[in-house]
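Engineer: sharing a model prediction with you, sequence too.
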Protein chains: 2
Amino acid sequence: MADFELMRELQHKNTSKIVLLILDGLGGIPFEPGGQSALEAAKTPNLDRLAGEGTLGQVVPIRPGITPGSGPAHLALFGYDPLAYEVGRGVLEATGIGMEIGVEDVAARGNFCTLDSNGNISDRRAGRISSDEALPLVQKLDEIELPGVSLDVRHVREYRFAVAMRGADLNPQIADTDPQATGIPPLSALAEKPSSEKAAEHFNRWIERAGEELSAEKKANGLTLRGFSSDPRLPQFTEIYGLRSACIAVYPMYRGVSRLVGMDVISFDGDSPEQEFEAAVSHWDAFDFFFIHIKKTDSSGEDGDVMKKAKVIEDVDQALPTLLNLNPDVLAVTGDHSTPAKLKTHSWHPVPFLLWAPATVRTDSQDTFGERSCQLGGLGTFPATDIMPQLMAHAKRLRKFGA
Amino acid sequence: MADFELMRELQHKNTSKIVLLILDGLGGIPFEPGGQSALEAAKTPNLDRLAGEGTLGQVVPIRPGITPGSGPAHLALFGYDPLAYEVGRGVLEATGIGMEIGVEDVAARGNFCTLDSNGNISDRRAGRISSDEALPLVQKLDEIELPGVSLDVRHVREYRFAVAMRGADLNPQIADTDPQATGIPPLSALAEKPSSEKAAEHFNRWIERAGEELSAEKKANGLTLRGFSSDPRLPQFTEIYGLRSACIAVYPMYRGVSRLVGMDVISFDGDSPEQEFEAAVSHWDAFDFFFIHIKKTDSSGEDGDVMKKAKVIEDVDQALPTLLNLNPDVLAVTGDHSTPAKLKTHSWHPVPFLLWAPATVRTDSQDTFGERSCQLGGLGTFPATDIMPQLMAHAKRLRKFGA
């Protein structure tokens, strides 16, 4: 992991600008034997030019062989060893939509579900109801009041919402109520430690009240909760590296993890790569570091659609001049993990990494951006937590260690 | 090192099959300047095809620059950092021939030697007496009885035997009695800690009695003991990875280390690669993981015979279809360490590594199996303890870490 004490000791401020461009789930494997990955198949003249002018490598997100979830994968990109720093899904989701989760609050991620006449789950996502359908239901849930605690319920997207509970002596060691199966009822909120019993009781009372509110619904007549968690009080990215840091991301979870490490989350209209890069243009002067997150590489990989994934990468490539016109001093392009379309899921494979820093880079022999060229890149294979120290170095923001 | 807690937490069972094929001492260096290593010189159409369809890398057995013994090298292959887990040579040797060594027993490896009329060692290996000559002597030693302890002496091979002592309060911190030189007498068993004095006294009494039994012999009229050790109580491989695991090996030591980590040792006839692979065929359904050990790559390397080492590799290559016909999901081919014929001994050089896993592999640009192609392989250079997590990942036996 990035040695935070060393970073704090060596970092100093200057006027350089660093961009960390994350294409979620970027890495792939050949879709057919002897074939190409999405990144290799995509036509990417701009990225290929940067690969030629810069240097490549491949990144191990957590540990060799370990497939990361999105939360731990992003912590690692920011220099935090995810085995040392754990962040619950509830806090990530709630923080991502702008809720403030304190150290003693407990947040959970909620899903609407459909229950049959026996109270068993028949659809774990309530027929994927639309945001328009879900919003009034979330409003109903938000109006529930319980003695001794205050509650905040907010809509996330489609059938998903977040709930935060505030009160005295609440602890988040509570098992998910989502049984991850249909044909059985949702579980009760079960305390995994005695200190969490009080919070579990409150949540069970709330679940009962929520069930009454939803009972007349056809699709969303039930709910499940998971990822009960509190603010993990992470060391702050901005302070460790001395960087005024901005997050540009469409999806709540990535905004959430950025907020937890102390970044400012930039609001902007639209969800295209071009619009995300325009957001960087609008806020260029106010920040030293820009974390820009593109989601659709991952979702197209999870859909198993290698051509769509290639198209998303091409869209990013086409929009790239908007970012390059800002003349960043250091630009890194990589992913948080691999999502090979062939496997339709996150995977453990190392992630292609491109570093472009015209003033300081040691170029290598590669001039295209792809899995095979990154295997032969000048930076070798290295852990994700080593990214930030290298970006800091190329931004000339780290002093010499020792005399 | 493989994070055992993480493995235990993430592993789940499925029907996949993993084969770890170890060619002992596989790695080499060019025998002549500008020349080839044994692996590069060998004609290996099957391994080359696997290299093309799979991916390559190179493995650091212990730490860069550290030449491993066979015991630590194999522990590392199984995911155990040999600097954290130490297994004595005596226990390895004794366990390898099927002796049960308990936590409070002390085992040692024994060599017959020749003593001159002054009691000084004239041949440390008793003229390499044959197994037929040694067996009745071992029988005599096994009949020695001492008050307060029970003893078990068994023949290993040629001039080598193993001795196990059982009793109360025995501790194995005892220095070798082999002075590693001729012209001087064997050393007494010397306790390195006060707690081992009792065991050392018993061993000295036994050595005295053994000397009397052997005094009439011409070649094997003396003995030395080394590697005093007890069962190290290693965490169990089978439990860490959730794999029903089999060892297929000709030599006792490799069976020993496999048994110590909890693998089942398969008995079979013969000692050729083909016969070892046939043993895997016979037991294919009963296990999830097969550790198959080929010894002769190492011994031909130690003999400095580069052509013989290449021939052994060719024999393995020719027998490989027997293994491939089983359709393993994951096959790794590597060594426990390098034994360059030019150096005639184990060395610290990284070991060529081949990973073949048709459903999940990210192919690289290499299509032959050799030291130079492995240096350019897609997996880069990585510690041996990272092998198992990667094999588990490709077998789809690890869940995602975090949400």
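Structural biologist: Cool, got the structure.

Engineer: which residue is the nearest non-sequential neighbour of residue A:336?
Structural biologist: residue A:73 (3.7 Å; Cβ to Cβ, 6 or more residues apart in numbering or on different chains). Yep, even glycine has a C-beta here, placed from its N, CA and C like the rest.

Engineer: got the CA coordinates for the helix or strand containing the one you found in PDB?
Structural biologist: Using DSSP states H and E, residue A:73 maps to helix A:70-77. Output of helix A:70-77 as PDB, limited to C-alpha atoms (Å, rounded to 0.1, in the frame of the first residue of the first chain):
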ATOM      1  CA  SER A  70     -16.000  -1.800  -6.900                       C
ATOM      2  CA  GLY A  71     -15.500  -0.300  -3.500                       C
ATOM      3  CA  PRO A  72     -12.200  -2.000  -2.600                       C
ATOM      4  CA  ALA A  73     -11.000  -1.600  -6.100                       C
ATOM      5  CA  HIS A  74     -11.300   2.100  -6.000                       C
ATOM      6  CA  LEU A  75      -9.800   2.400  -2.500                       C
ATOM      7  CA  ALA A  76      -6.800   0.600  -4.000                       C
ATOM      8  CA  LEU A  77      -6.600   3.100  -6.900                       C
END
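
Engineer: so what secondary structure elements neighbour that helix?
Structural biologist: The contact analysis (3 or more Cβ pairs under 8 Å, 6 or more residues apart in numbering or on different chains; DSSP states H and E) places helix A:70-77 against strand A:18-23, helix A:252-260.

Engineer: spit out the contact partners of residue A:300.
Structural biologist: Residues in contact with residue A:300 (Cβ atoms under 8 Å, 6 or more residues apart in numbering or on different chains) are A:38, A:308, A:309, A:311, A:312, A:341.

Engineer: ok, 6 Å please
Structural biologist: A:308, A:309, A:312 (Cβ atoms under 6 Å, 6 or more residues apart in numbering or on different chains).

Engineer: got it, and residue A:289?
Structural biologist: Neighbours of residue A:289 in contact, by Cβ under 6 Å, 6+ apart: A:18, A:243, A:245.

Engineer: who does the helix or strand harbouring residue A:156 pair with, and is each partner parallel or antiparallel?
Structural biologist: Take DSSP H and E as the rule and residue A:156 turns out to sit in strand A:150-157. Next to strand A:150-157 in the sheet, as set by DSSP bridges, lie strand A:160-166 (antiparallel).

Engineer: the strand it pairs with: what's the following helix or strand?
Structural biologist: strand A:174-175.

Engineer: got the contact list for that following strand?
Structural biologist: Counting by Cβ under 6 Å, 6+ apart, A:189, A:190, A:191, A:192, A:196, A:200, A:228 sit against strand A:174-175.

Engineer: how about the helices and strands packed on helix A:70-77 in JSON lines, adding mean pLDDT and mean neighbour count?
Structural biologist: Below are the helices and strands packed on helix A:70-77 laid out as JSON lines (pLDDT from 0 to 100; neighbours: other Cβ atoms under 10 Å in any protein chain shown):
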{"stretch": "strand A:18-23", "mean pLDDT": "98", "mean neighbour count": "24"}
{"stretch": "helix A:252-260", "mean pLDDT": "91", "mean neighbour count": "25"}
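
Engineer: can you redo those as a markdown table with distance to chain B?
Structural biologist: Formatted as a markdown table, the helices and strands packed on helix A:70-77 follow (distance: least, Cβ to the nearest Cβ, whole Å):
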| stretch | distance to chain B |
| --- | --- |
| strand A:18-23 | 17 |
| helix A:252-260 | 9 |
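
Engineer: as CSV, these with distance to residue A:118 would be great.
Structural biologist: Formatted as CSV, the helices and strands packed on helix A:70-77 follow (distance: least, Cβ to Cβ, whole Å):
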stretch, distance to residue A:118
strand A:18-23, 45
helix A:252-260, 34
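
Engineer: the stretch 151-300 of chain A: strands as residue ranges?
Structural biologist: For the stretch 151-300 of chain A, the strands defined by DSSP state E, counting those that start in this stretch cover A:160-166, A:174-175, A:190-191, A:222-229, A:245-249, A:264-265, A:289-294.

Engineer: following element in sequence after the lowest-mean-pLDDT helix or strand in chain A, please.
Structural biologist: Lowest on mean pLDDT, DSSP states H and E among the helices and strands of chain A sits helix A:89-96, with a mean of 87. Downstream of helix A:89-96, the first helix or strand assigned by DSSP H and E is strand A:106-115.

Engineer: what strands line up against that following strand, and which way round?
Structural biologist: Here, using DSSP bridges, strand A:106-115 pairs with strand A:121-123 (antiparallel), strand A:160-166 (antiparallel), strand A:222-229 (antiparallel).
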